[in-house]
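J.: Based on what follows, work out the 3D shape:
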Amino acid sequence: MPVGTEVGSFATVEEENASSYSYDQVLVGGVGDAAFEISPDGLLKVAQTLDYETVSTMFVGVRVTDAGGDMRVQYFGVNLINETKPVIDAFAPVASSNTEIWMSGEILDTGSIAGVSEVGFLISNSPILEFNQTGVSKVAVNLDGNGTTFQWSHQILNHEKIYFRAYGESLEGVALSLEETFLPDPGFQPAADLNAIKITDKSGWWESPWFGTFYGDSENGWIYHSSLGWAYAIQSPVRGVWLWCNELDWLWTDQQVHPFFYSISKANWFYMAVESSDSTLFFDYLNNDWFLRRPDSTEPKRK
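T.: Residues are numbered from 1 along each chain as shown. The predicted structure follows:
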């Protein structure tokens with residue numbers, strides 16, 4: 001509790017005519033003598049930092065003097081309340097989409113009479129160990145209408161894993177919740193997975209400097225490649241992209257190895273040698289032979 005805080009006041013009631021009174025402190029020979037001070041108008045104030053763990057009960061003496069010089073001395077016991085940092089909890093994140101999550105926290109115990117002055121979240125792409133950690137974002141939010149819970153909507157970029165902790169701050173210090181994490185569904189994001197940019201005059205079509213031209217729907221992961229035909233694409237958790245193609249099953253490739261494709265079903269590499277919209281020529285390294293594959297569906301309409 002800060003020095004100068006008013007913790008009480010004294011008043012005098014007499015059955016006779018009202019009079020003016022003044023108050024001063026009387027020493028009692030304990031820690032209360034230095035811990036408190038009394039103003040002439042009867043306010044009891046903190047004179048030095050109080051610590052419940054050191055002394056939880058102190059005594060203070062007060063003398064009241066009326067206008068006629070009559071006085072009376074009274075002794076009082078002051079019991080300290082053990083105030084602590086607040087207790088904060090965080091809930092598991094809720095994904096509203098593959099690029100947005102809702103974080104929620106709750107004040108389980110304010111820890112002090114003054115309550116919690118600020119709540120919010122610490123957010124990072126790596127584990128959060130302390131409140132003022134370098135590279136950690138701090139977002140202060142408002143409490144919900146119930147006065148105990150609070151929320152934040154967070155946008156996720158580049159499929160990154162998110163670490164977050166709820167926090168609460170009071171006069172006693174800052175408290176952190178246990179850590180929560182969120183790992184986005186790899187999904188299919190053409191711009192990130194294939195270094196592609198949208199072809200502005202062709203709705204849904206993309207252009208990759210190494211993968212070529214393709215039609216992509218980021219909501220469901222299906223793409224139409226000019227040589228592979230229809231394929232289902234997901235980001236690899238390590239690097240590159242996995243593609244499921246009819247007859248070829250799952251294939252992996254990335255910018256460094258394309259036009260080579262690794263086949264998970266054959267545990268073997270394919271080389272895409274000649275590409276066209278009618279048929280594509282592959283070399284099968286396991287069988288040491290060439291094979292021709294035709295795209296399995298009609299190309300989407302270009303708007």
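J.: Would you map the helices across the stretch 1-150 of the chain?
T.: 32-35 (DSSP state H, counting those that start in this stretch).
J.: pLDDT below threshold where in it?
T.: Filtered on pLDDT under 70, the stretch 1-150 of the chain yields the residue ranges 1, 15-18, 97-98.
J.: can you pull out the strands in it?
T.: Using DSSP state E, counting those that start in this stretch, the strands of the stretch 1-150 of the chain run over 6-9, 21-26, 36-38, 43-46, 57-66, 71-79, 87-90, 94-97, 100-109, 118-124, 137-141, 149-155.
J.: Identify each buried residue in stretch 264-272, please.
T.: Buried residues in stretch 264-272, defined by neighbour count with 16 or more other CB atoms under 10 Å: Trp269, Phe270, Met272. All C-beta spots, glycine's among them, are computed from the backbone N, C-alpha and C.
J.: Just give me the least confident of these.
T.: The member of the buried residues of stretch 264-272 with the lowest pLDDT is Met272, at 91.
J.: Distance of the residue nearest to it when sequence neighbours are not counted relative to Phe211?
T.: Using CB to CB, 6 or more residues apart in numbering and skipping residues adjacent in sequence, the residue nearest Met272 is Pro259, 4.2 Å away. Using CB to CB, to the nearest Å, Pro259 is found at 9 Å from Phe211.
J.: again with Ser124
T.: Counting by CB to CB, the gap from Ser124 to Phe211 is 32 Å.
J.: who's more crowded, the two?
T.: Phe211 (24 against 19; other CB atoms under 10 Å).
J.: Phi, psi for that one please.
T.: Phi and psi for Phe211, reported as degrees, to the nearest 10, are phi -90, psi -20.
J.: Got the domain ranges for the chain?
T.: Taking automatic domain parsing as the criterion, the chain consists of the domains 6-79, 87-182, 190-293.
J.: ends of the longest one, how far apart?
T.: So that's domain 190-293. 24 Å (CA to CA, to the nearest Å).
J.: Check the offset of that domain from the chain's centre.
T.: 36 Å (CA atoms, centre = their mean, to the nearest Å).
J.: cool, the shortest one as well?
T.: Distance, stretch centre to chain centre, for domain 6-79: 48 Å (CA atoms, centre = their mean).
J.: quick one on the thing from earlier: what score does the residue nearest to Met272 have for pLDDT?
T.: pLDDT, Pro259: 93.
J.: ok, now Trp152?
T.: Looking at Trp152, the pLDDT reads 97.
J.: hey, what's it bridged with?
T.: Beta-bridge pairing for Trp152 (DSSP bridges): Met103.
J.: From Phe131, how far out is it?
T.: From Trp152 to Phe131 the distance is 17 Å (CB to CB).
J.: ok, these two, which is more surrounded?
T.: Trp152 (19 against 15).
J.: For the nearest residue to Ser112 once chain neighbours are set aside, the count of nearby residues, please.
T.: Using CB to CB, 6+ apart and skipping the chain neighbours, the partner closest in space to Ser112 is Glu83 (3.8 Å). Neighbours of Glu83 under the rule other CB under 10 Å: 17.
J.: residue at max distance from the center of this protein?
T.: Gly68 (65.6 Å; CA atoms, centre = their mean).
J.: give me every residue that touches it.
T.: Ser19 (CB atoms under 8 Å, 6 or more residues apart in numbering).
J.: any idea how far Ala11 is from it?
T.: From Gly68 to Ala11 the distance is 18 Å (CB to CB).
J.: In the stretch 151-300 of the chain, where is pLDDT below threshold?
T.: 158-159, 185-189, 191-192, 202, 217-219, 275-277, 296-300.
J.: can you map out the helices along it?
T.: 190-193.
J.: I figured Val94 was touching Trp102, is that so?
T.: Yes - shown here, Val94 and Trp102 form a contact pair, counting by CB atoms under 8 Å, at 4.6 Å.
J.: picking that back up, look at the residue nearest to Met272 and say how many residues are nearby.
T.: Counted with other CB under 10 Å, Pro259 comes out at 17.
J.: Kindly report the same for Cys245.
T.: 20.
J.: and stretch 109-128, how far from the chain's centre?
T.: That offset, for stretch 109-128, works out to 11 Å (CA atoms, centre = their mean).
J.: So for it, what gets flagged as buried?
T.: Neighbour count says stretch 109-128 has Thr110, Gly111, Ser112, Val116, Val119, Gly120, Phe121, Leu122, Ile123, Ser124, Ile128 buried, by 16+ other CB under 10 Å.
J.: Between which two of the residues you listed is the distance greatest?
T.: Pairwise distances across the buried residues of stretch 109-128 peak at 28.1 Å for Ser112 and Ser124 (criterion: CB to CB).
J.: In contact with the closest residue to Ala114 other than its chain neighbours: list those residues for me.
T.: Closest residue to Ala114 apart from its sequence neighbours, by CB to CB, 6+ apart: Leu171 at 5.3 Å. Leu171 makes contacts with Met1, Pro2, Glu83, Ser112, Ala114, Ser117, as judged by CB under 8 Å, 6+ apart.
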